[in-house]
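# Give me the fold of what follows.
(one chain, ligands or ions: 1)
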Amino acid sequence: MKPMRADVYCAIDTTDIARAEALAAQLSGHVGGLKIGFEFFYAHYLNGYRALADKGLPIFLDLKLHDIPNTVAQAVRALLPLEPRLLNVHAAGGAAMMQAAANAAAEAGDKGLRAPTMLAVTVLTSLSEGDLQAIGVQGTPRDQVLRLAALARDNGMDGVVCSAHEIDALRAEMGPDFKLIVPGIRPAGSASHDQKRVMTPAAAQQAGADILVIGRAITEATNAGDAARAIMADLNNSASSSQNGDAS
Ligand code: C5P
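Okay, the predicted model is just below:
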């Protein structure tokens with residue numbers, strides 16, 4: 001059985017550190033964590049990371065590492081003292097790279113640190129079938145996602161970042177314990193921005209997502225804390241209706 005309720009990580013996509021800190025403070029206690037990606041991390045590096053982490057929420061450090069195995073392993077070791085709750089690499093870096101990353105993450109315990117949950121990025125959702133063919137990958141993006149997810153699982157990764165529309169297939173193939181982290185989530189009626197294929201939080205939870213990554217639907221709301229609370233309430237309601245066997 002999948003978790004009854006998916007967790008929510010809010011994507012803090014800004015280079016404005018004051019805004020990021022204000023969001024982290026407003027969201028503390030209302031979401032499960034924050035996602036820090038290239039935009040914020042490359043603008044503010046470790047001090048920026050610590051400023052947000054100090055507000056108390058777990059961090060998904062979305063740095064999509066992709067290099068030779070030794071370099072990625074050393075990058076993971078360098079990041080361990082930050083104790084991100086989740087950290088990711090590109091599955092396209094291959095089996096040895098993912099294994100090296102997983103082994104490096106597992107060293108956290110020896111250093112008295114909490115090991116991150118290790119995730120792989122399979123196929124960027126911005127890539128179409130034609131884009132994949134242009135880089136020499138035959139077959140559909142879905143085939144490639146499933147292939148890379150299996151490779152990730154077999155090489156020490158705890159889960160993958162995937163599109164909401166891949167949850168069903170991945171859950172069926174990868175079993176209940178493989179973590180599915182899902183961006184491209186929009187509450188009913190909210191703007192889809194540049195996301196082409198969106199899903200509501202409740203539908204993604206129902207499909208079997210473990211963590212929903214939600215950015216602008218929270219950060220661009222008039223009150224980010226209220227928006228987050230509304231999403232969590234919706235997820236709680238949907239989880240209890242499905243537990244009671246209601247159709248939803
Ligand atoms: O604002 P929005 O909810 O669209 O933010 C989604 C977040 O998830 C962004 O940080 C984006 O970079 C990230 N993401 C995504 N699609 C992927 C992988 C990551 O939207 N396939």
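
# Check Met98 and give its pLDDT.
Looking at Met98, its pLDDT reads 99.

# so what's the residue nearest the centre of the chain up against?
For the chain, the residue nearest the mean C-alpha position is Ile181 (4.3 Å; CA atoms, centre = their mean). Counting by CB atoms under 8 Å, 6 or more residues apart in numbering, Ile181 makes contact with Tyr9, Phe60, Leu86, Leu119, Gly159, Val160, Val161, Cys162, Ala209, Asp210, Ile211, Val213. (C-beta placed from N, C-alpha, C; glycine too.)

# Equivalent analysis for Asp67, please.
Ala75, Gly93, Met97.

# now it, what's its secondary structure?
Per DSSP: H, G, I helix; E, B strand; the rest coil, the local secondary structure of Asp67 is coil.

# same check, this time on Ala51
Ala51 - assigned by three-state DSSP - is helix.

# which ones are touching the spatially closest residue to it that is not a sequence neighbour?
In this structure, Ala51 finds its nearest non-sequential neighbour in Glu21, 5.7 Å apart by CB to CB, 6 or more residues apart in numbering. Glu21 sits next to Ala51, Leu52, Lys55 when contact means CB under 8 Å, 6+ apart.

# quick one: what helix or strand has Glu21 in it?
Using DSSP states H and E, Glu21 sits within helix 17-27.

# Same check on Arg5?
Using DSSP H and E, Arg5 falls within no helix or strand.

# Which residue, other than its chain neighbours, is closest to it?
Using CB to CB, 6+ apart, the closest residue to Arg5 is Ala239 (4.4 Å).

# quick one: which helix or strand includes that neighbour?
helix 224-243.

# and that helix, anywhere near the ligand?
No - if you take CB under 6 Å from any ligand atom as the test, helix 224-243 misses the ligand, and the best it gets is 11.1 Å.

# which residues are in contact with that helix?
Applying CB under 8 Å, 6+ apart, the set of residues contacting helix 224-243 from outside is 4-6, 8, 10, 23, 26-27, 30-31, 187, 201-202, 205-206, 214, 217-218, 221, 248.

# neighbours of Gln243, just the number please.
Gln243: 10 surrounding residues under other CB atoms under 10 Å.

# and the gap between it and Asp168?
20 Å (CB to CB, to the nearest Å).

# how about whichever residue of the chain sits closest to the ligand, phi and psi?
Nearest residue of the chain to the ligand (CB to the nearest ligand atom) works out as Gly215 at 2.6 Å. Here is the backbone geometry of Gly215 (degrees, to the nearest 10): phi -100, psi -90.

# Run through the residues that contact it.
Cys10, Ala11, Ile12, Asp13, Lys35, Pro183.

# I'd like those as TSV, with secondary structure appended.
Shown next, in TSV, are the contacts of Gly215 (three-state DSSP):
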residue	secondary structure
Cys10	strand
Ala11	strand
Ile12	coil
Asp13	coil
Lys35	strand
Pro183	coil
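
# will you turn those into JSON lines that also has distance to the ligand?
Below are those laid out as JSON lines (distance: CB to the nearest ligand atom, whole Å):
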{"residue": "Cys10", "distance to the ligand": "9"}
{"residue": "Ala11", "distance to the ligand": "4"}
{"residue": "Ile12", "distance to the ligand": "8"}
{"residue": "Asp13", "distance to the ligand": "5"}
{"residue": "Lys35", "distance to the ligand": "6"}
{"residue": "Pro183", "distance to the ligand": "3"}
